[in-house]
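# Predicted structure and sequence below. I'll ask about it afterward.
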Amino acid sequence: MTLESERQALQIARVAAQLDAALGQSLVATLPLALPLAPGAVPADARAMAALIDHTLLRPEATRAQLRQLCDEARRWRFAAVCVHGSRVAFCREQLIGTRVRVCGVVGFPLGACGTAVKAFEAAQLVRWGAQELDMVLDVGALHDRDDRAVLDDIGAVVAAARPAAVKVIIETALLDDEQKVVACLLARLAGAQWVKTSTGFAAAGATVADVRLMRQVVGDALGVKAAGGVRSRAAALALIAAGATRLGTSMGPAIVAE
């Protein structure tokens, strides 16, 4: 374990102990704090790379023709999922009938500030429309307030409303310091989410190798880590995978797998 990894492990343990005290949980005993991080496996070929990609179209002006193309590309390359706005979920699900490509809808996107009840309603509605995965934005303001209970309840309400769909919690790393990133990942884990995700792609910066590495160290093997925002080349994708990403959100999927 490097000195930086040791420093991060101590920080994670300290933050987890604080959360344990504040929330009456038992996080510390479950954290993989002493284990060195193994590099992520490099995809062996284009097919393996494609299986890690959420093919994404979240521009508000996206048309049905563009969404149809998105789904056609996802079917051709066998991407893990397409990621779209809620109003487009049913259309994409219909386009992808008979394939293994999953449909992911976004919740509380892109600010995460619409309120827990609204997010839970949105999550349930998207699942009814056919979403198999949901990318939700946590309440970044509450996280900055260190209102840990509010953040935990916010994520937990979406997780409960979304069942059986998997939930990825977008923590928006560009707006957080390292301690806040640790808190966000621990709360996502406590709330029962299946993934943590770096970014919406709408903030000033997106995924970085350092952030993915930190997030992976916090969640260990318990959760997936999705890197999104600025993933535009195969080199960038491979660096994020090596740091611990197990899913990539990008609009450049076809170009990345074709390199």
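Received, thanks.

# pLDDT averaged over whichever strand or helix holds Ala9, what's the number?
Assigning secondary structure by DSSP states H and E places Ala9 in helix 3-23. Helix 3-23 carries an average pLDDT of 84.

# cool, stretch 56-73 as well?
98.

# Stretch 142-156 now?
97.

# And stretch 219-229, by the same measure?
Mean pLDDT, stretch 219-229: 94.

# Buried residues, it. List them.
Within stretch 219-229, the residues scored as buried using 16 or more other C-beta atoms under 10 Å are 219-220, 223-229. C-betas here are computed from N, CA, C, even on glycine.

# residue ranges for the helices of the protein, please.
3-23, 46-50, 64-77, 89-95, 116-129, 140-144, 148-162, 178-191, 209-219, 234-243, 253-258 (DSSP state H).

# that older thread, can I get the buried residues of stretch 219-229 in a markdown table including distance to Val89?
Output for the buried residues of stretch 219-229, formatted as a markdown table (distance: C-beta to C-beta, whole Å):
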| residue | distance to Val89 |
| --- | --- |
| Val219 | 26 |
| Gly220 | 31 |
| Leu223 | 23 |
| Gly224 | 20 |
| Val225 | 24 |
| Lys226 | 18 |
| Ala227 | 23 |
| Ala228 | 18 |
| Gly229 | 21 |
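
# Among the residues you listed, which ones are in strands?
Per DSSP state E, strands hold the following members of the buried residues of stretch 219-229: 224-228.

# And Gln8, how far from Val15?
Distance, Gln8 to Val15, using C-beta to C-beta, to the nearest Å: 10 Å.

# I meant to write Ala222 there.
Distance from Ala222 to Val15, by C-beta to C-beta: 16 Å.

# do Pro254 as well
39 Å.

# Can you pick out the residue with more neighbours from the two?
Neighbours were tallied for Pro254 and for Val15 using other C-beta atoms under 10 Å; the higher tally belongs to Val15 (21 against 17).

# residue contacts, that one?
179, 182-183, 186 (C-beta atoms under 8 Å, 6 or more residues apart in numbering).

# same question, Lys168
104, 133-136, 193-197, 224, 226, 247.

# Let's have these in JSON lines, adding distance to Ala50.
Shown next, in JSON lines, are the contacts of Lys168 (distance: C-beta to C-beta, whole Å):
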{"residue": "Cys104", "distance to Ala50": "15"}
{"residue": "Glu133", "distance to Ala50": "16"}
{"residue": "Leu134", "distance to Ala50": "21"}
{"residue": "Asp135", "distance to Ala50": "19"}
{"residue": "Met136", "distance to Ala50": "25"}
{"residue": "Ala193", "distance to Ala50": "24"}
{"residue": "Gln194", "distance to Ala50": "21"}
{"residue": "Trp195", "distance to Ala50": "18"}
{"residue": "Val196", "distance to Ala50": "22"}
{"residue": "Lys197", "distance to Ala50": "19"}
{"residue": "Gly224", "distance to Ala50": "17"}
{"residue": "Lys226", "distance to Ala50": "15"}
{"residue": "Arg247", "distance to Ala50": "12"}
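
# Count the residues that sit near Asp45.
Neighbours of Asp45 under the rule other C-beta under 10 Å: 8.

# Turn the helices of the chain into a markdown table, including distance to Lys168.
Shown next, in a markdown table, are those (distance: least, C-beta to C-beta, whole Å):
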| stretch | distance to Lys168 |
| --- | --- |
| helix 3-23 | 20 |
| helix 46-50 | 18 |
| helix 64-77 | 17 |
| helix 89-95 | 15 |
| helix 116-129 | 12 |
| helix 140-144 | 16 |
| helix 148-162 | 10 |
| helix 178-191 | 9 |
| helix 209-219 | 12 |
| helix 234-243 | 15 |
| helix 253-258 | 17 |
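
# right, so of those, which gets closest to Glu172?
Checking those against Glu172 by C-beta to C-beta gives helix 140-144 as the closest, at 5.5 Å.

# That closest one packs against which elements?
On a contact count with 3 or more C-beta pairs under 8 Å, 6 or more residues apart in numbering; DSSP states H and E, helix 140-144 meets helix 148-162, helix 178-191.

# Distance to Cys83 and mean neighbour count for those helices - can I get that in a markdown table?
What follows is the helices and strands packed on helix 140-144, written out as a markdown table (distance: least, C-beta to C-beta, whole Å; neighbours: other C-beta atoms under 10 Å):
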| stretch | distance to Cys83 | mean neighbour count |
| --- | --- | --- |
| helix 148-162 | 15 | 21 |
| helix 178-191 | 18 | 22 |
